[in-house]
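Engineer: Structure for the following, please:
(chains A, B and C)
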Amino acid sequence: MHDISREYAVQMHGITKYFGPHKVLDNIDLDIKKGKIHAVLGENGAGKSTLMSILYGMYSADYGKIYLSGQEAHIGNPSDAISQGIGMVHQHFMLVDKFTVLQNIVLGNETTNFFGVLNMRKAKKKVLDIIEKYGMKVDLKEKIKNLSVGMQQKVEILKALYRGSEVLILDEPTAVLTPMEVDELFETMNSLKQDGKTIIIITHKLKEIKKSAETCTIIRKGRLIDAVNVDDETEQSLAEKMVGRQIKLFVDKQDRVPGKTIFEIKNLSVRCERGIETVKNLSMKIRSGEIYGLAGIEGNGQTELLQCILGRRHADAGKIIMNGKEIQNTDIKNVLDSKISFIHADRHKYGCVLDMTVADNAIMEKYREKPFSVNGFLNHEERDKFTKQIIETYDIRPTNCSHQKIRNLSGGNQQKLVIGREIANNPDLLIAVQPTRGLDVGAIEYVHSTLVNLRDQGKAVLLISLELDEILNLSDKIAVIYGGEIVGEFRQNESDEQKIGLLMAGGKEND
Amino acid sequence: MKTIISKISFFLVLGLCLGLLVYMGIKTFNYASAELEDDGRFFTGMITDGGGVNDQSFQESAWKGMKEFSANTGAKVKYIECSQASDFFINIDKFADAKADLVWGIGYKLADVIEHAAKVNPEINYAIADYSFGENTLDNVTGVVFRSEESSFLVGYIAALTTKTNVVGFVGGIKGMVIDQFEYGYRAGVAYGAKQLGKNITVKVQYAESFTDAAKCKAIAIKMFDECDVIFHAAGGGGAGIIEAAKETGKYAIGADMDQSRLAPKNVLTSAIKDVGKAINIVSSKVMNGENLGGKSFSYGIKEGCVGIPEENPNIPEDVMKKVEKVKDDICREEILPPGTSEKYESFIRSLA
Amino acid sequence: MTKNIIKFLKTNFMCTFIAVFLGFMVACAILLITGYSPSLSMAVMFNAVFSRAKFIVNVIIKSTPIILTGLSVTLAFKSGLFNMGAEGQFIVSTIVAAILGIKCNFHPFIQIPMILCAGVLAGAFMGGIVGWLKAKYGIHEVITSIMFNWIALYMCNFVANSETFHKPESDGTFPINRSGQTLLFYDWKFSQEGRDYLQAHPILNDIILKTDFNLNFLIAVAMAILVWVIIYKTKKGYEFRASGLNPDAAQNAGIDVTKNIFYTMLISGALSGLAGVLSLTGSSTPVLHVLSVFENYGFNGLSVALIAGASPVGCIFAGLMFSALIYAGQTLQSKIGTPSDIVNIMIGTIVFFVALVRIIPIWVNRYLQKEERKNAQ
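Structural biologist: Down below sits the predicted model:
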């Protein structure tokens, strides 16, 4: 803890916050000097977002004080925060799709003349000044829905600056960006810093902290672990502080010679709801004993591709072949029967039924077979036996949870159950979509090693992920999907992050 | 400190609840012992057939009669409103539990259930208004029907003498024998008046398929008033809608069952009164005096004073009233026999020609 | 000690009990404001239900249809559907049962099962259409079933007014033939022998002669158990629950969600249909009445399901309570002239509080945790 001083843009001292009985923040101190880029590092659920929400006035702390430029500040709601020069860019943007960029920036803070009529000219001039000052390229007349995610983020930053923010909070700003967009963001952040703005970035990505931030506060389970200078630390040391134990950032993986092709997609074309062809003439081959990573930014046809494999979306052309049998345009049951299993990105929506018990969730794909059901009646003993097995094998906690609603388990334990259930199907191909989304580092480590194990047993894995690091780390073969097409395919050892990043953003391989 | 207060308040509320339950229990006990007392007075109850006792029509007239009966004789009277057909019996049997001497069902809808109740409780007398079991009347049931065609004939006659458009209307509830009396009596009255005037008067007839749907009746009437200037309704509670329509269009409506002029003093020409209350008084008094009316049916008309028109009719000119009085006398002396069914109506029209 | 009491408050049963209690309190307050004695009213209501064997039997008989419609709603609810059409399915079933009951006259052993099956099928058919429209075209079941309610109502009036079935001088059809009725001891209790016997046994007299004595309630109880078995013990029930709670996940697990929507509505409709046909055959005046408004058997089923917290066995008790309240409300009116609306207000507040008291477990948890936190410090 530092003394209260005008040098610091933000000082939060002794912040404690309860959600119900849970102490989510325990006596946290945070001191950020003016004109610095400061990172708040922690695992999912460590409390970093909550801490920032308190600063932005969305929650109020149960104990503790906030000082801005050495003055004690009372921030009761986001409007208070904005008026005191704090701006926040949320992970999910709060923009009106059908409005133009300018309208969105001005929205909620419109300049009007004496009669209450909008004065857009004045507003436009102010926005243009900001754009010029920080060198951000944004077309004010474009509608939000036509912009890329990176551009939308810029609009959000502009929105905050337009409202006169001196302190800018960015919540997981890189989660949705391509590597190139990430670089651009860092440039913008730097030019803001040059102008004396203070930036707080919330993240759990170590590489990005090393790249962008100067100081870093590490939070674990609601407790302050350390406040460090980023330059004094390595990624490994930051990770260990974040997790609190020795971890492996990279998966140990033996080289392995893949077997024959077991899953193949030939010239597949699929349309989305609006009738637009979002998967175009796509082909891929996956061999047994191989992890095939499909990299790409959200919205490039991954969803439609997956739905088509699942049998929930009609294939206009092309074939999907599993173990020599065509499975396109059949139903999901047939797909599952052909020994494909799925781990869905959104386990709450697609993977499990939150309000059923753990045991009931465990038998979701098996309930119709003997011995889980006989003559139309369920056999609860078999179900419980099977669940117990999964709980033991995958170390799901608490161990006596089989009759609790799965909602009560932590995200990592839910995912373990889903993975355990799917692997119990003994699939030849496991399709894992963002299998580590929302999990903490420990759980991620576990999931990754499970996938590698599966590969080592001679099974095939199709890994679809938006996290490039994950794909680079795990896959034997990496393909990049852009605009519904495979635009490049690499072996793991020939892959190059720069090149893949470029392809993901729609650049050509030879550029 | 805070916890002590919350603990105290918790037990306080708990105690209060328990106390209330105990109190209620005591009350229940007292009440139960008090209820069985039979005060020895003659007790008659009535049950409505869907409408309430404030329907400004048939049921209200019946309840008024009950109250008069009570005032005149000191008998105890009670009513039960019942809207669900499936609950009719349960409700009617409550009078049996209360050891009623006579139970009235008001309206033909209650015929089945009165018959069933009479079977279940042979020791209790039942009476039903607007229905006759004819030959098959049980020993403890009395049927009371009204010659509504007589009053309908009178208002038809008045309508004929009043109309300027030479078109008059009739809106019925649900078609059936009782409403047929109104319709054909009315049409015969109109024809009789037209004959006297040497005019040709048309009668528009429509049914609302309900005795309660005032909104629908109103819509029908407003349409009808495009052509005609007098409408007679026999639509029970729905009739209020027709009077409403007359008020809005400034034309005449003729009420039914009760004197309905207070609903729209300027627009209710007259009313075809069916004084079920009077009939109830007559029958109840007889039963109270020990007469055995079981197994019989009675028919009441103008002569008995159970149907007719109001004494005061401010919207009808003197000379018309005089003619009406004459027709009334003719009916009493059975010189005119108003028809109550379609066959009788046909032959009545033939006899006019 | 205090802690245990507070923990006890958390149980589902207690929550419902508190809701009912609060409902009564609100009703008392309203009675007080409108100038009636709450304690007397409550006493009358209590008496109206419990003071005589006849009353209890009547309450039980009256509860049969609403338990069944409650089950119908519950089952649909378990699959994530809101069966607003229980009313229409109920009516359609009575129509079909009445037509068959009037036109056919076989031996009871054929007649009764025939009418029951026909009524159940009619209800299932109507529910099935709603389910099919939802499954096939995604048309929301609430909208279609409300429409079907009105279609059923007017169909009922059409039949009741038609020349073939309308009984002159009544507002309904002819009664169905005696062979189709499910009343027990009906002929015997009006025979001389029966009368003499019952006269000698006043309690039996109360139960058998004074009521529409039948065993339909047992069928309702059996159905409640059956629905419980279906939902929790069978493969289909598992599919229903999974589809209801998370259709996307269920589909991804290979469960045919659209088919289950159809099946659920089919069974749900059949249960409402059973309610309809039993309420017709179990009545001493088994006629189809011209309806100007809904008789609310289906809609009351919704309330029953809500009060029961969508538990099939809970429906039995909720149905009994509901029936008792309605029954007591009518007595209240005849005894002390309280408007019977007070009972409707009471039912409304109970349903309202049932929804509201779901907050009690949260409060209790918060309180317990606060204590824990305090102890820890």
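Engineer: show me the contacts for the residue minimising distance to the centre of chain A.
Structural biologist: Centroid check for chain A by CA atoms, centre = their mean gives residue A:175 as the closest residue, at 5.2 Å. By CB atoms under 8 Å, 6 or more residues apart in numbering or on different chains, the residues touching residue A:175 are residue A:91. (C-beta placed from N, C-alpha, C; glycine too.)
Engineer: got the residues of the stretch 201-350 of chain B near chain C?
Structural biologist: Taking CB under 8 Å from any CB of the partner chain as the criterion, the neighbours of chain C within the stretch 201-350 of chain B are B:209, B:210, B:211, B:212, B:213.
Engineer: which of the residues you listed tops the neighbour count?
Structural biologist: Neighbour counts for those, by other CB atoms under 10 Å in any protein chain shown, peak at residue B:211, which reaches 27 neighbours.
Engineer: ok, back up a step: next step: the residues of the stretch 201-350 of chain B next to chain C restricted to helices.
Structural biologist: Among those, no member is found in helices (DSSP state H).
Engineer: Same list, those residues, but as TSV with pLDDT please.
Structural biologist: Below are those laid out as TSV (pLDDT from 0 to 100):
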residue	pLDDT
B:209	83
B:210	82
B:211	83
B:212	81
B:213	86
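Engineer: Return the member of these nearest to residue B:9.
Structural biologist: Of all those, residue B:212 has the smallest distance to residue B:9: 50.1 Å, by CB to CB.
Engineer: neighbours around residue 351, how many?
Structural biologist: Answering for chain A, as no chain was given. Residues near residue A:351, counting by other CB under 10 Å: 28.
Engineer: that answer is for a different chain, and I need it for chain C
Structural biologist: Look at residue C:351: counted by other CB under 10 Å, it has 18 neighbours.
Engineer: Quick one: name whatever helix or strand follows the regular element (helix or strand) spanning it.
Structural biologist: Assessed by DSSP states H and E, residue C:351 sits inside helix C:341-356. Using DSSP H and E, the next helix or strand after helix C:341-356 towards the C-terminus is helix C:360-376.
Engineer: Give the rounded mean pLDDT of that next one.
Structural biologist: Taken as a whole, helix C:360-376 has an average pLDDT of 71.
Engineer: buried set for it?
Structural biologist: C:360, C:361, C:364 (16 or more other CB atoms under 10 Å in any protein chain shown).
Engineer: Stretch A:227-238 too?
Structural biologist: Those would be A:227, A:228, A:230, A:233, A:238, for stretch A:227-238 by 16+ other CB under 10 Å.
Engineer: Could you dump the residues you listed into a markdown table with distance to chain C and pLDDT added?
Structural biologist: Output for the buried residues of stretch A:227-238, formatted as a markdown table (distance: CB to the nearest CB, whole Å; pLDDT from 0 to 100):
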| residue | distance to chain C | pLDDT |
| --- | --- | --- |
| A:227 | 27 | 90 |
| A:228 | 31 | 90 |
| A:230 | 36 | 89 |
| A:233 | 34 | 87 |
| A:238 | 32 | 86 |
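Engineer: Just the closest of those to residue B:43, please.
Structural biologist: residue A:227 (90.6 Å).
Engineer: For that closest one, name its beta-bridge partners.
Structural biologist: Beta-bridge pairing for residue A:227 (DSSP bridges): residue A:217.
Engineer: So, low pLDDT: which residues of chain C?
Structural biologist: C:1-3, C:340, C:369, C:372-374, C:376-377 (pLDDT under 70).
Engineer: which residue ranges form the strands in it?
Structural biologist: In order along the chain, chain C carries no strands (DSSP state E).
Engineer: Around chain A, pick out the residues from it.
Structural biologist: Residues of chain C lying near chain A (CB under 8 Å from any CB): C:233-238, C:241-242, C:245-246, C:248-256, C:365-366, C:369-370, C:372-373.
Engineer: Next one: the spatially closest residue to residue A:15 that is not a sequence neighbour, what pLDDT does it get?
Structural biologist: Leaving out its chain neighbours, the residue that sits closest to residue A:15 by CB to CB, 6 or more residues apart in numbering or on different chains is residue A:64, at 3.6 Å. If you check residue A:64, the pLDDT there is 90.
Engineer: Help me confirm that residue A:64 comes into contact with residue A:13.
Structural biologist: Yes. Look at residue A:64 against residue A:13 with CB atoms under 8 Å: they come within range, at 6.0 Å.
Engineer: Quick check: which ranges of chain A have low pLDDT?
Structural biologist: Applying pLDDT under 70 to chain A flags residues A:1, A:21, A:111, A:113-114, A:116, A:249, A:508-511.
Engineer: Contact residues of it facing chain C?
Structural biologist: Looking at chain C, the residues of chain A close enough under CB under 8 Å from any CB are A:18, A:20-21, A:310, A:312, A:331-333, A:336, A:342, A:344, A:349-356, A:360, A:364-365, A:367-368, A:373, A:376-378.
Engineer: So which of those residues belong to helices?
Structural biologist: A:310, A:332, A:333, A:336, A:360.
Engineer: Verify the contact between the last one and residue C:238 for me.
Structural biologist: Spelled out, that is residue A:360. Yes. Counting by CB under 8 Å, residue A:360 touches residue C:238, with 7.1 Å between them.
Engineer: how far away is residue C:130 from chain A?
Structural biologist: Distance, residue C:130 to chain A, using CB to the nearest CB, to the nearest Å: 24 Å.
Engineer: Can you report how many residues neighbour that residue?
Structural biologist: 32.
Engineer: Closest residue of the stretch 51-200 of chain B to chain A?
Structural biologist: residue B:86 (37.2 Å; CB to the nearest CB).
Engineer: how about the nearest residue to that residue, chain neighbours excluded?
Structural biologist: Nearest residue to residue B:86 in three dimensions, chain neighbours excluded: residue C:283, at 6.3 Å (CB to CB, 6+ apart).
Engineer: tell me the centre residue of chain B?
Structural biologist: Centroid-nearest residue in chain B: residue B:58, 1.7 Å away (criterion: CA atoms, centre = their mean).
Engineer: From residue B:270, how far out is it?
Structural biologist: 17 Å (CB to CB, to the nearest Å).
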